[in-house]
Structures are given as structure tokens and as C-alpha cells.
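Participant: starting from these lines, generate the structure:
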Amino acid sequence: MKVSNKQAEAIPSRMNLSEFGNAMKQLDLSSVPEHKHSQAIMDHLMGIMADSITDREKAQEIHISRLLRRKQK
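Facilitator: Numbering: from 1, shown residues only. Okay, the predicted model is just below:
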């Protein structure tokens with residue numbers, strides 16, 4: 001069995017947990033159809049992640065993944 005330390009594998013961010021919570025609260029789902037809520041939440045989360053992490057290469061990967069995910073659905 002492999003034991004992994006999730007905190008050690010985490011990508012450093014400029015945002016703390018409180019700021020992350022406030023950023024997630026800014027999402028307004030009132031104009032999004034109910035069946036697309038999970039997609040909108042995931043897109044918002046990926047945007048916050050890409051904007052807040054300090055590793056620019058990983059941020060670019062997340063941004064590209066976000067665009068590809070939008071294109072598929």
C-alpha cells in the first residue's frame with residue numbers, strides 16, 4: 001500500500017482557505033440552467049485555481065484543461 005501526503009503534493013497558492021471560500025461564493029448560478037450547475041461550478045473552480053497558483057506552468061495546464069472541458073460539453 002502506498003501512503004501519500006496530499007499537503008506535500010499540493011501546488012503553492014497565493015490564496016488562503018477563507019479567500020477561496022469567498023471566491024467560490026461569487027459564482028451566481030441564477031442564470032445557469034439547473035442541469036448545468038455542476039459544470040458551471042467546476043469551470044469556476046478551475047478558473048480560481050488557475051488564477052491563484054504560483055506555478056505558471058501548472059496554471060497554464062489548468063487553463064487549457066478548462067478550455068477543452070468547455071469545448072466538449
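Participant: could you count how many residues lie near residue 66?
Facilitator: Counted with other CB atoms under 10 Å, residues neighbouring residue 66 total 18. In this view, the C-beta of every residue, glycine as well, is placed from N, C-alpha and C.
Participant: go on, residue 32?
Facilitator: There are 15 residues near residue 32, going by other CB under 10 Å.
Participant: just the one 3 residues further on next, same as before
Facilitator: Neighbours of residue 35 under the rule other CB under 10 Å: 7.
Participant: can you list the buried residues in the helix or strand of the chain with the lowest mean pLDDT?
Facilitator: Within the chain, confidence by mean pLDDT, DSSP states H and E is lowest for helix 6-9 among all helices and strands, at a mean of 81. Within helix 6-9, no residue counts as buried by 16 or more other CB atoms under 10 Å.
Participant: just checking, next helix/strand downstream of it?
Facilitator: Under the assignment DSSP states H and E, the closest C-terminal helix or strand after helix 6-9 is helix 17-25.
Participant: just want the angle from whichever helix or strand comes after that next one to helix 17-25.
Facilitator: Sequence-wise, the next helix or strand downstream of helix 17-25 (DSSP H and E) is helix 37-52. Calculated by axes from the mean of the first three to the mean of the last three CA atoms, to 10 degrees, helix 37-52 forms an angle of 130 degrees with helix 17-25.
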